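**Student:** Sequence and predicted structure, then a few things I'm wondering about:
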Amino acid sequence: MLILKRIVHTTIWGGPKISALAGVEGDHIGHLYSLYCRDGVSNEILNGPWKGRFLNDMFPLFKNEVGMSQYDFFPLTLALTEAHENLSIQVHPTDAIAHSLEHKSRGKRESWYFIDAPTSGAIINGCTCRDKEEEELMIKQGRFMEMAATLQVKQGDYVFVEPGTLHAITAGSLVFEIEEGSDFTYRFYDYDRTDRDGNKRELHITKARATLDIGLKSMVKRYNGKEIVEKTYSTKLINNTNIYINESSTIECFTLVNGALSADGMDIAQGSTILLWPGEKLDTSQVKLAFVSKTRTAKL
């Protein structure tokens, strides 16, 4: 197993909830990445012979062994995410758009489990436009709030966002986030917010329009003791268990959200991920809430 060090990411829309839950410093934390694997930014490994090394550097050494030879980096990104303010109204690229615009093989898929529901009771999801002509008119006139449909969510709900879907989590939300694919986000609207230097964040209207599918909307699901399976990854919720064993044929990502856990002689901090090889197990008797995530395209 590999125990990963958390990465704190402050944002313009972040808040204090992650700091309180996970015991990290910061007032505007937007993401606490328990698993992130890219050049320049990657989790430090806290145990074993690779202790002190970084996941992105070590991944090429074991990716063939675990059926992930097709990937340049570990394919999943996992995080606790807080929206103290509304996130930008945005869309993620499809595989086709990622290939044509960014010269990448995959777009971006993501899911949210709502630890805390938004204050309004709804997130932005889907588009109100009846056709491409109305879409063009609304964008030209800057009517992005009118263009955005909403989806009601509550604590314990799960939402998957298909690439091409207009979306944003809204103020008050605290979620466990699962992402797969690229890092590209195309913003339509960011509420005219400015950073500490008075600069507005970049918008990406042309690219956003190229990938937007006005017919896409998400639906709310619940775990209800079952694994939720998407096209390229799956997740399941873990609580009220004494032992967890990776009985699959690939690496599983065990993320502790709430409760106590020890592994390989270490106390595991909340908001941390452990990579479990097949057959490895954890004593989960003191775990109150955790998630197990895995890519569906990797097989041993």
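**Tutor:** Thanks, I have the structure now. The structure displayed is predicted, hence computed values, not measured ones.

**Student:** Which parts of the stretch 51-200 of the chain are strands?
**Tutor:** Listed in chain order, the strands of the stretch 51-200 of the chain (DSSP state E, counting those that start in this stretch) span 76-83, 89-91, 108-116, 122-127, 148-152, 158-161, 167-168, 173-181, 186-189.

**Student:** Give me the helices and strands touching the shortest one, please.
**Tutor:** Think strand 167-168. Packing partners of strand 167-168 (3 or more CB pairs under 8 Å, 6 or more residues apart in numbering; DSSP states H and E): strand 89-91, strand 122-127. Every residue, glycine included, has its C-beta placed from N, CA and C.

**Student:** Just the residues contacting the shortest one, thanks.
**Tutor:** The set of residues that contact strand 89-91 without belonging to it, under CB atoms under 8 Å, 6 or more residues apart in numbering, is 124, 144-145, 147-148, 163-168, 185-190, 208, 211-212.

**Student:** try 7 Å this time
**Tutor:** 124, 144, 148, 164-168, 185-189, 208, 211-212 (CB atoms under 7 Å, 6 or more residues apart in numbering).

**Student:** I'd like to know the average pLDDT value across that strand.
**Tutor:** The average pLDDT within strand 89-91 is 97.

**Student:** can you check the last one too?
**Tutor:** When pLDDT is averaged over strand 122-127, the result is 98.

**Student:** Give the partner strands of that strand in its sheet and their orientations.
**Tutor:** Neighbouring strands of strand 122-127 in its sheet, by DSSP bridges, are strand 148-152 (antiparallel), strand 167-168 (antiparallel).

**Student:** Could you single out the most deeply buried of the ones you listed?
**Tutor:** strand 167-168 (a mean of 24; mean count of other CB atoms under 10 Å).

**Student:** right, and the strands paired with strand 122-127 - which one's nearest residue 258?
**Tutor:** strand 148-152 (24.4 Å; CB to CB).

**Student:** Who are the contact partners of the residue lying closest to residue 56 once chain neighbours are set aside?
**Tutor:** Excluding its sequence neighbours, the residue lying closest to residue 56 (CB to CB, 6 or more residues apart in numbering) is residue 42, at 3.6 Å. Counting by CB under 7 Å, 6+ apart, residue 42 touches 36, 54, 55, 56.

**Student:** Could you do residue 242 as well?
**Tutor:** 284, 285.

**Student:** Can you give me the separation between it and residue 27?
**Tutor:** According to CB to CB, to the nearest Å, residue 242 and residue 27 sit 37 Å apart.

**Student:** And for residue 56?
**Tutor:** 28 Å.

**Student:** Residue 217 now?
**Tutor:** With CB to CB as the criterion, residue 217 and residue 27 are 34 Å apart.

**Student:** higher neighbour count, those two?
**Tutor:** Neighbour count, other CB atoms under 10 Å: between residue 217 and residue 27, residue 217 has more, with 16 against 10.

**Student:** what about that one, is that helix, strand or coil?
**Tutor:** Put simply, residue 217 is coil when judged by DSSP: H, G, I helix; E, B strand; the rest coil.

**Student:** again with residue 13
**Tutor:** strand.

**Student:** one step back: could you work out which of the helices and strands packed on strand 167-168 reaches nearest to residue 265?
**Tutor:** Among the helices and strands packed on strand 167-168, strand 122-127 sits nearest to residue 265 (CB to CB), with 40.5 Å.

**Student:** what does the closest one rub up against?
**Tutor:** 89, 147-153, 165-170, 212, 214, 216-218.
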